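K.L.:
what follows is a protein structure lacking sequence information:
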């Protein structure tokens, strides 16, 4: 069946979810099953090629998006089709995120024996997971699929992408480039496939059920669907990053980094700051620094106009998502603000939760500003913000006291504490920090995820452990319980 006919069947299934057996829903399972079967057959042959084949495939997929002319085509198509972000930043993101991933993967063994521990008698063997279902968002319709494809191939897997409808064209172009590179190496195009148009919930759900592993980035609805698919899944939590500016911060440096992070790709990243919590000692000076970095602080009436534009019935409107600050100001009727050509907009806030929508994620160059009495009050404020939205993701800190960063890591429900860095670049790995490059950040149980790492190649591997006999080492109970006995007796 061709792509158009398959798409018609998928559309019919969405319209008739209660169809009896043998109709549209069953046809979708069969048709998705055919894609999975091709992937499975290609994967079995591919995995037998050894480490060199895996490394070659990963390099091919990476170069498919990094080559300058192709990178620009992908970025331009992504912005054209989705209306999100800007071309130059997407070009930078496509290249740097993929380059960083290659750095992380370079020389890594992902086939055969990957570790031996003679003392413990353990040998570890890398094994592919099989067929990966990659669920990807419209905000990064090329960079995120590329990241998942490279990781999948590096670990000996096949991958099938379920892109967002808006990002379909960019993802399809990426796969065309990848297939051309795979062909150079004599590798099957069935190693990297995608669902045909239209990508529906029914088809995505069928793919999740039939794959061996699901990696889901994007809406929380997709993540929940992944977790309930019956297939092992890694999903990510919601973003709503807050950064604390302490009394010891270099204010100019902090403002410039926050501004770069807040405006990059028009804030499409879940790692862009949504709120900044400023110690009252430096509050006014930090606002001046943010203004100098391109921000415009709205007054109370302007804030109300912006809120009415950005949220409808309590839900974030797509009209402002990933648009420039001047466009957002114009949409809100703030022509005088738009005329200032702001890089980002700022609003002051005091509360958190549904009644205070600016305390949530905005996916736009709009920054919420809170005043804190001191560092401890700032921590409490961020805790309240994350109780509403963003728990598990990460928090930023600008300041000169390393102990404060450790305190945040011990007290807040976050998987990462980003210190004195532009948050959206640092959280997913950067060349000046030690975090692995990724576009999918685990948020732990705080964010209803099952991992806290940056999603990387380890999540795409099974590991078999061979255990040899070693000399028995049986401890004495009195040795292990000595401290307990000393304090509480037997």
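P.N.:
Noted; the coordinates are in hand. Just so it is clear, the model here is predicted, and its values are computed rather than measured. Numbering: from 1, shown residues only.

K.L.:
from here on, contacts and neighbour counts on C-alpha atoms
P.N.:
Fine.

K.L.:
what ranges does the stretch 101-250 of the chain have for its strands?
P.N.:
With DSSP state E, counting those that start in this stretch as the criterion, the stretch 101-250 of the chain has strands at 112-117, 122-128, 131-135, 158-162, 192-194, 213-216, 233-235, 241-245.

K.L.:
dump these to a markdown table, plus mean neighbour count and mean pLDDT.
P.N.:
Below are those laid out as a markdown table (neighbours: other CA atoms under 10 Å; pLDDT from 0 to 100):
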| stretch | mean neighbour count | mean pLDDT |
| --- | --- | --- |
| strand 112-117 | 13 | 97 |
| strand 122-128 | 19 | 98 |
| strand 131-135 | 29 | 97 |
| strand 158-162 | 29 | 98 |
| strand 192-194 | 23 | 98 |
| strand 213-216 | 26 | 97 |
| strand 233-235 | 25 | 95 |
| strand 241-245 | 28 | 98 |
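
K.L.:
could these be laid out in JSON lines, adding distance to residue 46?
P.N.:
Formatted as JSON lines, the strands of the stretch 101-250 of the chain follow (distance: least, CA to CA, whole Å):
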{"stretch": "strand 112-117", "distance to residue 46": "14"}
{"stretch": "strand 122-128", "distance to residue 46": "10"}
{"stretch": "strand 131-135", "distance to residue 46": "12"}
{"stretch": "strand 158-162", "distance to residue 46": "9"}
{"stretch": "strand 192-194", "distance to residue 46": "12"}
{"stretch": "strand 213-216", "distance to residue 46": "18"}
{"stretch": "strand 233-235", "distance to residue 46": "23"}
{"stretch": "strand 241-245", "distance to residue 46": "40"}
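
K.L.:
nearest residue to the middle of the protein?
P.N.:
Centroid-nearest residue in the chain, with CA atoms, centre = their mean: residue 440, separated by 2.6 Å.

K.L.:
what's the spacing between that one and residue 158?
P.N.:
19 Å (CA to CA, to the nearest Å).

K.L.:
so residue 275 sits against residue 245, correct?
P.N.:
No. Between residue 275 and residue 245 there is no contact under CA atoms under 8 Å: 10.7 Å.

K.L.:
quick one: low-confidence ranges for the chain?
P.N.:
By pLDDT under 70, the low-scoring segments of the chain are 1-22.

K.L.:
which helix in it runs the most residues?
P.N.:
For the chain, the helix with the greatest residue count under DSSP state H is helix 24-47.

K.L.:
so what does the next helix or strand after it touch, helix or strand wise?
P.N.:
Once the chain leaves helix 24-47, the next helix or strand it forms, by DSSP states H and E, is helix 50-66. On a contact count with 3 or more CA pairs under 8 Å, 6 or more residues apart in numbering; DSSP states H and E, helix 50-66 meets helix 24-47, helix 68-82, helix 87-105, helix 143-154, helix 168-184.

K.L.:
of those helices, which is nearest residue 411?
P.N.:
helix 87-105 (29.8 Å; CA to CA).

K.L.:
what about residue 449, how many residues nearby?
P.N.:
Around residue 449 sit 20 other residues, with neighbours defined as other CA atoms under 10 Å.

K.L.:
OK, contacts around it?
P.N.:
Going by CA atoms under 8 Å, 6 or more residues apart in numbering, residue 449 touches 234-237, 442-443.

K.L.:
quick check, nearest of those residues to residue 58?
P.N.:
Among those, and counting by CA to CA, the member closest to residue 58 is residue 234, at 20.6 Å.

K.L.:
so the closest one touches residue 448, yeah?
P.N.:
No. Residue 234 is beyond contact range of residue 448, at 10.6 Å (criterion: CA under 8 Å).

K.L.:
between the longest helix of the chain and strand 122-128, how many degrees?
P.N.:
For helix 24-47 against strand 122-128, the angle by axes from the mean of the first three to the mean of the last three CA atoms, to 10 degrees is 130 degrees.
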